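[1] Provided below are the primary sequence and the corresponding predicted coordinates.
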Amino acid sequence: MSRANDTSTDPAGIRWESRRAKRHADEIAFNAIKRWAVPRKYTEILSFPAADWGWESYYAQVFPEGSLDFYGLEQDHRIHPEMVKRAEVRPTGLHKRHALEPITRPCSFKDYARGYDAEALGAFDMIYLDWMGTWSADKEEQVRLMFNQGMLGSDSIFRFTVSLLRGKPAKWEEACADYEHRGYHIADIRGGGCEVPEWRTHGVPALVEHLGSLAGYQVRTIAAQLYYTYGKTHTTPQGSFMFRVKKK
């Protein structure tokens, strides 16, 4: 396995550092949506919980007031049973009005979006795609499907995370140049490191805003964070981008 793909961690320390960095990014993101989240009596969220529903539990602790339904997607056949089992046990800190609903079979977001019937199932109030890897044509297609299938409600939140390490910068730098970049604050909590190219920090969000507009949404970037995940021999820069989505 190459160093670029080595995501193994040391539970005694390095994994804790990675979780701390991601938790800090979550805190900034939550602060950006608190005026949206706190007044809501009922919120439906689609996410990738992995085995432990960690982010979902943290969200419920930060915004405990309303009813929360978390719908969990997992495409790994090995992890999916653990996700289902953990949902049945329920992590500590969840109120009885907080529900964990695993999608019943292993499924990728792309496949789930392709078959999604918004008229029958309704739309989500938030979708959080905690992706592995860098921005790609496949991720662009997933975002396009999400908007075209009407998966987000009339006033909703979309968030995704991506690696900022690899990819095909020449292709995406050119592709993102066609879209107007808006100014917004980026919270760089890496504590050092090289400058991240603008096509990643502003071009990709501008492309997402454009894809939403084509599907009849008004999409606005409201928060962005840069942080590190820690491996045994290297660190990987990550980006988190959050959008407020409204029907035109």
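    Structure's in. What do you need? Residues are numbered from 1 along each chain as shown.

[2] low-confidence ranges, this structure, go.
    1-18, 166-169 (pLDDT under 70).

[3] which residues in it form strands?
    42-47, 67-72, 98-102, 124-130, 152-163, 186-188, 217-230, 235-247 (DSSP state E).

[4] need the contact list for Val38.
    Phe63, Glu65 (Cβ atoms under 8 Å, 6 or more residues apart in numbering). C-beta: built from backbone N, CA, C; applies to glycine.

[5] quick one: it from Glu65, how far?
    Distance, Val38 to Glu65, using Cβ to Cβ, to the nearest Å: 7 Å.

[6] same thing with Ala223?
    For Ala223 relative to Glu65 (Cβ to Cβ), the value is 21 Å.

[7] and Trp53, what does it touch?
    Per Cβ under 8 Å, 6+ apart, neighbours of Trp53: Phe70, Gly72, Met83, Arg86, Ala87, Pro91, Leu100.

[8] if we go to 7 Å?
    Gly72, Arg86, Ala87, Pro91, Leu100 (Cβ atoms under 7 Å, 6 or more residues apart in numbering).

[9] format the residues you listed as a markdown table; extra columns: distance to Gly216.
    Shown next, in a markdown table, are these (distance: Cβ to Cβ, whole Å):
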| residue | distance to Gly216 |
| --- | --- |
| Gly72 | 28 |
| Arg86 | 37 |
| Ala87 | 33 |
| Pro91 | 37 |
| Leu100 | 31 |
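
[10] adding neighbour count, write the residues you listed out as a markdown table.
    As requested, the contacts of Trp53 are arranged in a markdown table below (neighbours: other Cβ atoms under 10 Å):
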| residue | neighbour count |
| --- | --- |
| Gly72 | 21 |
| Arg86 | 20 |
| Ala87 | 18 |
| Pro91 | 18 |
| Leu100 | 23 |
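
[11] tell me the one of these nearest Trp135?
    Gly72 (23.5 Å; Cβ to Cβ).

[12] so what's the closest one closest to, chain neighbours aside?
    Taking Cβ to Cβ, 6 or more residues apart in numbering, and ignoring the residues beside it in sequence, Gly72 has Pro49 as its nearest neighbour in space, at 4.0 Å.

[13] and the gap between the one you found and Val84?
    10 Å.

[14] those two: which has the busier surroundings?
    Pro49 (24 against 16; other Cβ atoms under 10 Å).

[15] from what I see, that one and Glu56 are in contact.
    Yes: using Cβ atoms under 7 Å, Pro49 is in contact with Glu56, at 5.5 Å.

[16] need the overlap of contacts for the two.
    Shared contacts of Pro49 and Glu56, counting by Cβ under 7 Å, 6+ apart, come down to Phe70.

[17] now for the longest helix along the chain, which elements pack on it?
    Identified as the longest helix of the chain according to DSSP state H is helix 14-37. For helix 14-37, the packing partners by 3 or more Cβ pairs under 7 Å, 6 or more residues apart in numbering; DSSP states H and E come out as helix 54-62, strand 152-163, strand 217-230, strand 235-247.

[18] next, the buried residues of it.
    With burial defined by 16 or more other Cβ atoms under 10 Å, the residues of helix 14-37 counted as buried are 14, 18, 21-22, 25-26, 28-30, 32-33, 36-37.
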